[in-house]
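Q: Structure for this input, please:
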Amino acid sequence: AVLLTSEEYGEDMTSVNTLLNTHLDIVRELEPLSEKVDKLEQDAETLSQTHPERADEVNSKYGELKELWQKIKESSALRKQKLEESFKYHKFLVHYRDLGMEMERLETLFDQKKDPRDVAEAV
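A: Numbering: from 1, shown residues only. Below is the predicted model:
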């Protein structure tokens, strides 16, 4: 759960990619839990019907588990969204840097060119 609520979103494209891959690994590990939560819901319904005297306790415990599961899913979705936003931001910075360097290169080329003195030099 700590990795799902971490405020670390990466310092550059490489670290963001690493964090995104780690997050996706965690999400894959959570997938089997979803099936177990669904199975437990069925078990809780069955137990509530076959043992009505314990229905409140069973439903309460299942409700706690389902609430925790919902928080985990929400944290995971929020973390993924923040990492994707961080990725877009760092991608922007890379494009900004690359474009700035290209413009500086072109500016240097233009500054190095001598202005023509007459029409013959211009052609």
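
Q: counting contacts, what elements does the helix or strand hosting residue 67 pack onto?
A: According to DSSP states H and E, residue 67 maps onto helix 55-112. Under the contact criterion of 3 or more C-beta pairs under 8 Å, 6 or more residues apart in numbering; DSSP states H and E, helix 55-112 touches helix 2-5, helix 13-50. No exception for glycine: its C-beta is placed from N, CA and C like everyone else's.

Q: mind checking how far the one residue sitting closest to the centre of the chain is from residue 37?
A: The residue lying closest to the centre of the chain (C-alpha atoms, centre = their mean) is residue 80, at 2.4 Å. Using C-beta to C-beta, to the nearest Å, residue 80 is found at 19 Å from residue 37.

Q: What strand or helix carries residue 7?
A: For residue 7, there is no host helix or strand (DSSP H and E).

Q: was I right about residue 94 contacting residue 13?
A: Yes: proximity of residue 94 to residue 13 meets the contact threshold set by C-beta atoms under 8 Å, at 6.1 Å.

Q: Which one of the two is surrounded by more residues?
A: Neighbour count, other C-beta atoms under 10 Å: between residue 94 and residue 13, residue 13 has more, with 15 against 12.

Q: Look at that one and report its pLDDT.
A: We have a pLDDT of 91 for residue 13.

Q: dump the residue contacts of it.
A: Residue 13 makes contact with 87, 90, 91, 94, according to C-beta atoms under 8 Å, 6 or more residues apart in numbering.
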